[in-house]
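>>> Sequence unavailable; structure follows:
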DNA sequence: ATGTTATTGCAAAAGTATTCTCATTAGCAT
DNA sequence: ATGCTAATGAGAATACTTTTGCAATAACAT
């Protein structure tokens, strides 16, 4: 594995932004720092980071997956999506009694909570 | 609007199954009853039903939207997705304290809860 | 400093989901 | 029963998103 400036930049972006990012989103951010970086490189790097288990995919209802550092995902957390700027933020905390929603004979292995609204920057 | 047998069948399927269904899924179910029905017809009918506000889209994390009767969606509810058969079920009930997860200066307009596990049929 | 070769950029291609064109079929008003 | 025309089937065409082939570039071990 060679530490190219593209890879370094993508890693920096994940660290700095600390929230789930999509390929396109990463591309746009990276172009600001690097003169040129190709979308294909973003995809290749994401796939490598996925293999290395440095990042994990975050399935967003109604849109393609985003990715976030596995390190950040290690702590149980959920997400907020701003309806104005579409940004996805990590949330802390969780709720109780989710199992109470389960019908008879269904077993639960995991869950996902999405809050929607307007983020601090758009408010 | 003409009541074709395709449209009737799709309406019947939504009524009978009473859970979020994807275009492909509806197509496969419909083929069992109707000798032939085209996927394009499913899409056209779904779009019409969406316009008429008879159905609503359900965004599923990590996969394309499914649709369910607006009538069913009128009652606040959430979803369960079976990790074995991929079926999505409607759940009843909800939880408290979701707003406690909201960071400062974020406002919340809605939320979504997804439970994952094994459904009654796969158990 | 140099050589090897992993990585990149670019453009083409592939994979999906969804829409569209158009000739044919079939609701339904008369 | 007939005619008008909305809806369908079939397949081509779009629209994205993601992947690939290949020549050029740039890490980094020596």
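Done, it's in. It should be emphasised that the depicted structure is a prediction, and the values quoted were computed from it without experimental measurement.

>>> Could you pull up the mean pLDDT of stretch A:2-21?
Mean pLDDT, computed over stretch A:2-21, is 98.

>>> That stretch near chain B anywhere?
No - Stretch A:2-21 does not reach chain B (CB under 8 Å from any CB of the partner chain); its nearest approach is 11.3 Å. Using the backbone N, CA and C atoms, a C-beta is placed for each residue, glycine as well.

>>> mind listing what residue A:6 touches?
With contact taken as CB atoms under 8 Å, 6 or more residues apart in numbering or on different chains, residue A:6 is in contact with A:30, A:34, A:37, A:41, A:45.

>>> Quick check: closest non-adjacent residue to the second one.
Leaving aside its sequence neighbours, residue A:34 sits nearest to residue A:9 (CB to CB, 6 or more residues apart in numbering or on different chains; 5.5 Å).

>>> What residues sit buried inside whichever strand or helix holds that neighbour?
Assigned by DSSP states H and E, residue A:9 falls within helix A:5-17. For helix A:5-17, the neighbour count (16 or more other CB atoms under 10 Å in any protein chain shown) marks A:6, A:7, A:9, A:10, A:11, A:13, A:14, A:17 as buried.

>>> Tabulate the residues you listed (CSV), appending distance to residue A:88.
Listed next are the buried residues of helix A:5-17 as CSV, based on distance: CB to CB, whole Å:
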residue, distance to residue A:88
A:6, 23
A:7, 23
A:9, 20
A:10, 17
A:11, 19
A:13, 14
A:14, 13
A:17, 10
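
>>> Nearest to residue A:80 among those residues?
Distance to residue A:80, by CB to CB, is smallest for residue A:17 among those, at 14.3 Å.

>>> Residue A:29 is in contact with that closest one, correct?
Yes - look at residue A:17 against residue A:29 with CB atoms under 8 Å: they come within range, at 7.4 Å.
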